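**Student:** Pasting the sequence and the predicted coordinates here, then a few questions.
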Amino acid sequence: MIPIFSNKWYQTMAVILPNVLNLESHKLLLENNSKAIKPSCCPHCGYGTLWGHGCYDRKADRSNPPPEDNLNPIKIPRFYCPSCKKTCSVLPECLPERRWYQWIIQQAAFMFFLQGYSIRTIANFSIPSRSTISRWVRLFKLAYQLISHRMRSLHPEIGYHSDFTDFWLYCFLTFSLSYVIYVIGGWWQIFLSLKEAEIT
């Protein structure tokens with residue numbers, strides 16, 4: 001079963017399945033070990049027994065052209081809590097909540113930005129559009145304080161990398177963007193925190 005963070009860090013409707021770093025691994029896990037994806041408790045109320053509630057499809061594979069190598073549709077399992085009557089879904093670590101592109105694609109684009117490439121140049125040799133990349137950069141800048149504070153509490157050595165660019169380059173060389181988002185509690189948790197601070 002998937003461990004659940006405390007409510008302070010985990011208030012979204014999606015539970016992140018750690019260490020599932022690509023869509024192929026996610027599909028194999030669903031086919032061969034579906035019990036491993038069941039959350040240990042409800043992320044809303046903490047109740048310990050959830051019921052299966054079907055799946056929904058996501059067109060998450062935007063790297064491969066259909067139909068030969070494309071993995072779509074990607075099945076996302078859902079669960080129902082008989083205590084609070086709410087549902088949650090389980091996403092692999094590689095797949096963001098409420099966003100189109102996998103974390104690895106976002107990380108690659110952001111990495112080029114940190115290395116000094118313009119957003120126009122990045123958009124010329126990547127899949128996402130210039131406006132999409134601009135939006136990612138803006139959100140990462142807005143969420144920097146929240147993310148860096150959480151990461152430094154878990155990995156004190158990051159304290160040596162206090163600059164925005166230095167911090168992210170170290171994170172990408174040492175971890176991955178999907179891991180960073182996972183330990184924060186999911187992208188939706190970041191968005192809610194920014195909304196509460198009236199930043200977005």
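**Tutor:** It's in.
**Student:** Touching stretch 100-116 from outside, list them.
**Tutor:** With contact meaning C-beta atoms under 8 Å, 6 or more residues apart in numbering, stretch 100-116 is reached by 21-23, 60, 62-63, 93-96, 99, 119, 121-122, 126-128, 132-133, 136-137, 140, 165, 168-169, 172, 176-178, 181. The way it works is simple: take the backbone N, C-alpha and C, and place the C-beta from them, glycine included.
**Student:** do that again at 6 Å, thanks
**Tutor:** 62, 94, 96, 122, 126, 128, 133, 136-137, 165, 168-169, 172, 177-178 (C-beta atoms under 6 Å, 6 or more residues apart in numbering).
**Student:** domain ranges for this protein?
**Tutor:** Domain ranges of the chain: 14-92, 103-196, per automatic domain parsing.
**Student:** can you pull out the strands in this protein?
**Tutor:** Ranges of strands within the chain are 14-17, 51-58, 74-80, 87-92, based on DSSP state E.
**Student:** can you list those in a markdown table and add mean neighbour count and distance to Leu28?
**Tutor:** Putting these into a markdown table (neighbours: other C-beta atoms under 10 Å; distance: least, C-beta to C-beta, whole Å) gives the following:
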| stretch | mean neighbour count | distance to Leu28 |
| --- | --- | --- |
| strand 14-17 | 24 | 13 |
| strand 51-58 | 13 | 15 |
| strand 74-80 | 18 | 12 |
| strand 87-92 | 21 | 11 |
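**Student:** so who does the spatially most central residue of the chain touch?
**Tutor:** Nearest to the mean C-alpha position of the chain, by C-alpha atoms, centre = their mean, lies Pro96 at 3.7 Å. Pro96 makes contact with Trp103, Trp187, according to C-beta under 6 Å, 6+ apart.
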